[in-house]
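Asker: the following block contains a protein sequence and its predicted model.
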Amino acid sequence: MSPTNIFAPASTPADSIFGLSLFVLAVSAAIFVLVVTLLAYCVIKFRKRPDDDGREPPQVYGSNQVELAWTVIPVLIVVALFMATARVIATVQNPAQPSSTIEVIAIGHQFWWEYRYPGLKVVTANELHVPVSDPAHPTPTHIELLSADTDHSFWVPRLAGKTDLIPNHPNSTWIDPHETGLYLGQCAQYCGTQHAKMLLRVYVQSQEDFDRWIQQQRQPAQPSTVVAEGQHIFETTACINCHAVAGTVADGRFGPDLTHLMSRDTIAAGAAPNDHEHLRRWIENPETIKPGSLMPAMQLNDRDIDRVTAYLETLR
């Protein structure tokens, strides 16, 4: 099954939107079939025949019944669609939030995602982890949406509808996934050169796995003493102006938090797998993976790149 299949909702908001879509599609299909049927009837019934004498058929000028029908019926259809849409909007935008709700702040940057769990004291990037929500004991995730620069849009088709992130205008959405797994999404609002590679990855885990992930993310960085030279290079270059590594002098906030970098499956907001080759290329010259990235090439020599890469690979 496609991880972006809009026809396979796996969360209450997505399921509500899917149900509304089917209702609108059914109404539209019924109107289409009726119009095509009437059109075909008129074409066949009143087609020109060889024995026609060329005279026009009797003309009808005005009919209260017809005019009333084509006014009232469309109004009733629009009212029905409006009421159904309003109900779904109210359900999606004003959900009940039980005490078990997970609070997440998602901040859109050019061109990556920052995730903060204020109640759990965790900061991560690009890969959102949430617990599965048992309908009997719901564990929804409320996501506050902020933008650090320009317009972005948070859209994971199987979990919720598209919700925009507007600078200086906080927005929010929520999800309550009913199945564990990886759900993919996309920034759905053009935000610059690398908009197409501002990807979303949502990992839905069992409660036990989510708790274990939270505990692991709370730990400070524990780099090996073998790569102390790489850490020194990292901490004495401009890297620390943008990135943070808990337990070190690095406390930048413009780029992703790297404390547990190697616990993530991807780098560059999903643009490349998080392995040695791609990580080294990313450090050497981000443009080779993500043209237009705001991360500059630090102009390090091969030896220093190898040592910084080795250091970052210890951040788990």
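Answerer: Yep, it's here.

Asker: check residue 47 and give its pLDDT.
Answerer: With respect to pLDDT, residue 47 has a value of 83.

Asker: an error on my part: the question was meant for residue 39.
Answerer: Predicted confidence (pLDDT) at residue 39: the value is 95.

Asker: and residue 1, by the same measure?
Answerer: Looking at residue 1, its pLDDT stands at 52.

Asker: cool, residue 237 as well?
Answerer: As predicted, residue 237 sits at a pLDDT of 87.

Asker: give me every residue that touches it.
Answerer: By CB atoms under 8 Å, 6 or more residues apart in numbering, residue 237 lies in contact with 298, 300. Using the backbone N, CA and C atoms, a C-beta is placed for each residue, glycine as well.

Asker: what are the phi and psi values at it?
Answerer: The phi/psi pair for residue 237 (degrees, to the nearest 10) reads phi -110, psi -180.

Asker: how close does it sit to residue 127?
Answerer: With distances taken as CB to CB, to the nearest Å, residue 237 is found 25 Å from residue 127.

Asker: next one: residue 191
Answerer: Residue 191 sits 19 Å away from residue 127, going by CB to CB.

Asker: what do you get for residue 297?
Answerer: Distance, residue 297 to residue 127, using CB to CB: 24 Å.

Asker: then residue 84?
Answerer: Residue 84 is 35 Å from residue 127, by CB to CB.

Asker: please apply the same query to residue 229.
Answerer: 29 Å.

Asker: so those two - more neighbours on which side?
Answerer: Neighbour comparison, residue 229 and residue 127: the larger count goes to residue 127, with 20 against 14 (by other CB atoms under 10 Å).

Asker: which strand or helix spans the most far-flung residue of the chain relative to its centre?
Answerer: Ranked by distance from the centre of the chain (CA atoms, centre = their mean), the top residue is residue 53, with 65.7 Å. Assigned by DSSP states H and E, residue 53 falls within no helix or strand.

Asker: what confidence value was assigned to it?
Answerer: Predicted confidence (pLDDT) for residue 53: 74.

Asker: same thing with residue 222?
Answerer: At residue 222, the model reports a pLDDT of 66.

Asker: what separation do you get for the residue farthest from the centre of the chain and residue 47?
Answerer: Distance from residue 53 to residue 47, by CB to CB: 15 Å.

Asker: report the spatially closest residue to residue 149, excluding sequence-adjacent ones.
Answerer: Leaving aside its sequence neighbours, residue 149 sits nearest to residue 110 (CB to CB, 6 or more residues apart in numbering; 5.3 Å).

Asker: nope, residue 19 is what I meant
Answerer: Take residue 19 and drop its neighbours on the chain: the residue closest to it by CB to CB, 6+ apart is residue 88, 7.6 Å away.

Asker: next, count neighbours for that neighbour.
Answerer: With other CB under 10 Å as criterion, residue 88 counts 19.

Asker: so it sits against residue 18, correct?
Answerer: No: counting by CB atoms under 8 Å, residue 18 is not a contact partner of residue 88; they are 9.9 Å apart.

Asker: list the buried residues for the helix or strand harbouring residue 71?
Answerer: For residue 71, the enclosing helix or strand under DSSP H and E is helix 64-93. Residues of helix 64-93 classed as buried by neighbour count (16 or more other CB atoms under 10 Å): 88, 92.

Asker: repeat for stretch 114-128
Answerer: Those would be 114, 115, 116, 117, 120, 122, 123, 124, 125, 126, 127, 128, for stretch 114-128 by 16+ other CB under 10 Å.

Asker: could these go into CSV alongside pLDDT, secondary structure and distance to residue 99?
Answerer: Below are the buried residues of stretch 114-128 laid out as CSV (pLDDT from 0 to 100; DSSP: H, G, I helix; E, B strand; the rest coil; distance: CB to CB, whole Å):
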residue, pLDDT, secondary structure, distance to residue 99
114, 95, strand, 26
115, 96, strand, 21
116, 96, strand, 20
117, 96, strand, 16
120, 93, coil, 14
122, 93, strand, 19
123, 93, strand, 23
124, 94, strand, 24
125, 93, strand, 28
126, 93, coil, 29
127, 95, strand, 26
128, 96, strand, 21
